[in-house]
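Engineer: heads up, no residue letters with this:
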């Protein structure tokens, strides 16, 4: 993973780990990150979009 996106990934995992999707629904972070779930806070959704855009930008360079 590119270092420029690594910090975003770390923040996203931390945010999702604290969400109801993981804590209450007992789902994995990967499951919660991959879909639009109402139990994911808007700040996590924003981080997810920013992270995916970062990764997309890294892939288009090659």
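Structural biologist: Cool, the structure landed. Computed from a predicted model, the values in this text were never measured in an experiment. Numbers count the residues shown, from 1 in each chain.
Engineer: and residue 43, what does it touch?
Structural biologist: Applying CB atoms under 8 Å, 6 or more residues apart in numbering, one finds that residue 43 lies in contact with residue 15. Using the backbone N, CA and C atoms, a C-beta is placed for each residue, glycine as well.
Engineer: element containing it?
Structural biologist: When elements are assigned from DSSP states H and E, residue 43 belongs to helix 42-60.
Engineer: Buried residues in that helix, which are they?
Structural biologist: In terms of neighbour count (16 or more other CB atoms under 10 Å), helix 42-60 has its buried residues at 44, 47, 48, 51, 54, 55.
Engineer: Same list (those) but as a markdown table, adding distance to residue 7.
Structural biologist: Written out in a markdown table, the entries for the buried residues of helix 42-60 read as follows (distance: CB to CB, whole Å):
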| residue | distance to residue 7 |
| --- | --- |
| 44 | 15 |
| 47 | 10 |
| 48 | 14 |
| 51 | 9 |
| 54 | 10 |
| 55 | 13 |
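Engineer: returning to what we had before: so for the helix holding residue 43, what's the average pLDDT?
Structural biologist: Across helix 42-60, the average pLDDT comes to 88.
Engineer: for the buried residues of helix 42-60, which one is nearest residue 27?
Structural biologist: residue 44 (13.2 Å; CB to CB).
Engineer: which residues touch the residue lying closest to the closest one once chain neighbours are set aside?
Structural biologist: In space, not counting the residues next to it along the chain, residue 44 is nearest to residue 15; the distance is 4.2 Å by CB to CB, 6 or more residues apart in numbering. With contact taken as CB under 8 Å, 6+ apart, residue 15 is in contact with 41, 43, 44, 47.
Engineer: Nothing else from me, thank you.
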